[in-house]
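**Student:** Let's see this in three dimensions:
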Amino acid sequence: MEELNLFVKSIFIDNMIFAYFLGMCSFLAVSKNVKTALGLGAAVTFMLAVTMPINYLLDRYVLQAGALSWLSPSLASVDLSFLGLIMFIAVIASATQLVEMIVEKFSPSLYASLGIFLPLIAVNCAILGGALFMQQKDFGSAMTATVYGLGSGIGWLLAVVGLAAIREKIAYSNVPAPLRGVGITFIITGLMGIAFMSFLGIKL
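**Tutor:** Residues are numbered from 1 along each chain as shown. Here you go, the predicted model:
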């Protein structure tokens, strides 16, 4: 039940885009087309679901103060927490390379449409933010961290696909000239953020 609550909360209440504004660069750039947005959203979701448990285990059994005591009692005083950020980025970059190779092999059209934004998943602050939030929240198990990562990824996917669908529709609308492009996109993003604030009333 705790995992289900965390899953729902990470999608709607603690949404990476609308609650923390993480991953906004690719969110705004790739949300012109639903198919492309869906592909990138799926890649980000996969990345969060895969890297979160790896980073959890890395943090719990290597980086935290006294985490290396399972290797030897003499290492109980070792604290490698200062390496946390570097190690998390290394894990994310490695997983990104794997995702890039998979997408290029099985969906060349999606790979071409994502362009530079696919390798830039490695520096997507939503993924690194998820790892840092996981560290801050001090989850009790790798399963809980995985659920949080999956929920955060689905929340990001929901946001980017929703914006892409709206942007496809307003392409046929008479938007005032000064607001066309990024201007109307920021307004829509703000309205979507306000809409997601309604989920704050959910008691979990």
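
**Student:** buried sites along the helix or strand hosting Val160?
**Tutor:** In the assignment (DSSP states H and E), Val160 maps to helix 142-170. Buried residues in helix 142-170, counted by 16 or more other CB atoms under 10 Å: 144-164, 166-167. Where you see a C-beta, it was placed from the backbone N, CA and C, and this is true even at glycine.

**Student:** For Cys125, the count of nearby residues, please.
**Tutor:** Per other CB atoms under 10 Å, the neighbour tally for Cys125 reads 16.

**Student:** Please tell me how far it sits from Pro73.
**Tutor:** Separation of Cys125 from Pro73 (CB to CB, to the nearest Å) stands at 38 Å.

**Student:** Flag the shaky bits of the chain, pLDDT-wise.
**Tutor:** Within the chain, the segments meeting pLDDT under 70 span 203-204.

**Student:** how does it look with 80?
**Tutor:** Along the chain, the model assigns pLDDT under 80 to residues 1, 110, 113-123, 201-204.

**Student:** Strands of that one, start to end?
**Tutor:** Using DSSP state E, no strands are found in the chain.

**Student:** Just the helices from it, written as ranges.
**Tutor:** With helices called from DSSP state H, the chain shows them at 2-8, 24-29, 34-58, 84-106, 108-114, 125-137, 142-170, 182-196.

**Student:** Give me the distance from stretch 134-143 to the chain's centre.
**Tutor:** Its chain's C-alpha centre and that of stretch 134-143 lie 16 Å apart, by CA atoms, centre = their mean, to the nearest Å.

**Student:** next one: stretch 141-157
**Tutor:** Worked out by CA atoms, centre = their mean, stretch 141-157 lies 9 Å from the chain centre.

**Student:** Convert it to CSV, retaining C-alpha atoms only.
**Tutor:** Taking Å, rounded to 0.1, in the frame of the first residue of the first chain, the C-alpha atoms of stretch 141-157 are listed here in CSV:
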residue,chain,number,x,y,z
SER,A,141,14.2,-0.7,-0.1
ALA,A,142,15.3,-0.8,-3.7
MET,A,143,11.7,-1.8,-4.6
THR,A,144,10.4,1.5,-3.1
ALA,A,145,13.1,3.4,-5.0
THR,A,146,12.1,1.7,-8.3
VAL,A,147,8.4,2.5,-7.7
TYR,A,148,9.3,6.1,-7.1
GLY,A,149,11.4,6.2,-10.3
LEU,A,150,8.7,4.6,-12.4
GLY,A,151,6.1,7.0,-11.0
SER,A,152,8.3,10.0,-11.6
GLY,A,153,9.0,8.9,-15.2
ILE,A,154,5.3,8.3,-15.9
GLY,A,155,4.5,11.8,-14.5
TRP,A,156,7.1,13.3,-16.8
LEU,A,157,5.7,11.4,-19.8
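
**Student:** thinking again about what came up before, packing partners for the helix holding Val160?
**Tutor:** Secondary-structure packing of helix 142-170 (3 or more CB pairs under 8 Å, 6 or more residues apart in numbering; DSSP states H and E): helix 2-8, helix 24-29, helix 34-58, helix 125-137, helix 182-196.

**Student:** tell me the most buried of those?
**Tutor:** Mean neighbour count (mean count of other CB atoms under 10 Å) peaks for helix 34-58 among the helices and strands packed on helix 142-170, with a mean of 22.
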